[in-house]
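Visitor: Just the structure for this:
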Amino acid sequence: MLDFEFATCATQGAREYQEDMALARAVRTDAAEQRASDEDSVTVPGAPVVSGQAVGTLSEHQPRLLAVLADGMGGHAGGALASRTVCEVFFETLDASSGPLRDHLHGALVAANTAVAEKVESDPVLSGMGSTVIGVAFSDLGVDWVSVGDSPLLLYRRGEIALLNEDHSLAPELDRMAEAGLMSQEEALRDPRRHMLRSAVTGDDLELVDQSRMSLQLEAGDYVVLASDGLQTLEASEIERIISGYGGDGAAAVANALIRAVEAVRDPHQDNATVVVVRAMTGPKASGRSPARDGAIAPAVSSGSGNTADHGDAATFEAGNRS
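Guide: Reported below is the predicted structural model:
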């Protein structure tokens, strides 16, 4: 059985406002205790690292940690409202669900999208607001997720990092055009449309949804990082170096080091950057199961509505901030 340690950290970057939102919570066996838990983790502008642990003896099918991260868009009021609405409704929907919560991730996404639509309908000034989202359930079986947008979900294992979810920006499409010879690689990287989103939680139909088809098994020592795209200021190699260097000190140390590294770049156009860092640890009743491939990052298995990425052993993690 695995236990999970988690932490969140954020920076406003060069923006005048914060549009990111993140929640993480240990799942309790008692519903009232769960709602009253002081291990909820909320990321707000300028917040210090907030951390907690998810331990216990729940069924291996029952998630023991839930995390959601949203990167809002639509200006100061709209973007912040969209990301908060998405996170809060996502959690509220799962709270009201029965059975394995990983089976309800898509339903929570739909409920969050509906809530955004209702906000816009009640106040037309908010038209155009929306958000990305990553919703993740951690259990002894591994990790399950649903995501929309370009916020990356990363797995770090033994010095390697992999992108688990599909990127719903135009970047993958431009890269495919470059591979087909329709444009040069340099043109693809510099294309101003690169960070435009093909799908987001806006209240309209969800054109692209990425969801794991089965739990991706974790092993003790693995790190899973939910992030807004502001983290992409850092190269994948730098993220690997930071997690490798601070991983032994725990999730809070890694979360803080990642955000401090983003700030150290001093990008004059730095976007909001937020991370939820989760470390898998050996629990008191560890099963001793080995990962899918000994010592290697197992292929990410996901399904998407619309275009679906071909997730390999280590998907490309692109550096470069969305302005």
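Visitor: Point out where the protein drops to low pLDDT.
Guide: Counting by pLDDT under 70, the low-confidence segments of the chain come to 28-52, 54-63, 76, 284-323.
Visitor: the helices in it, which residues?
Guide: 31-36, 75-95, 105-122, 171-179, 185-190, 236-246, 251-265 (DSSP state H).
Visitor: What helices and strands are in contact with the third one?
Guide: Which is helix 105-122. Contacting helix 105-122 under the criterion 3 or more CB pairs under 8 Å, 6 or more residues apart in numbering; DSSP states H and E are the following elements: helix 75-95, strand 133-139, strand 142-148, strand 209-212. Yep, even glycine has a C-beta here, placed from its N, CA and C like the rest.
Visitor: that older thread, to Val146, which of the helices of the chain lies closest?
Guide: Closest to Val146 of the helices of the chain, according to CB to CB: helix 105-122, at 4.2 Å.
Visitor: So which bits of the closest one are buried?
Guide: Neighbour-count burial for helix 105-122, with 16 or more other CB atoms under 10 Å as criterion, is recorded at 105, 108-113, 115-116, 119-120.
Visitor: can I get the helices of the chain in CSV with distance to Leu141?
Guide: CSV is the format used below for these (distance: least, CB to CB, whole Å):
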stretch, distance to Leu141
helix 31-36, 20
helix 75-95, 17
helix 105-122, 14
helix 171-179, 29
helix 185-190, 38
helix 236-246, 23
helix 251-265, 20
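Visitor: follow-up on the earlier one: just put the buried residues of helix 105-122 in CSV and tack on distance to Ile239.
Guide: Conversion of the buried residues of helix 105-122 to CSV gives the following (distance: CB to CB, whole Å):
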residue, distance to Ile239
Leu105, 25
Ala108, 28
Leu109, 26
Val110, 31
Ala111, 32
Ala112, 27
Asn113, 30
Ala115, 32
Val116, 30
Lys119, 34
Val120, 35
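Visitor: closest to Asp95 among those?
Guide: For the buried residues of helix 105-122, the nearest to Asp95 is Ala108 (9.5 Å; CB to CB).
Visitor: Ala26 touches Leu65, doesn't it?
Guide: Yes. Here Ala26 lies in contact with Leu65, judged by CB atoms under 8 Å, at a distance of 5.8 Å.
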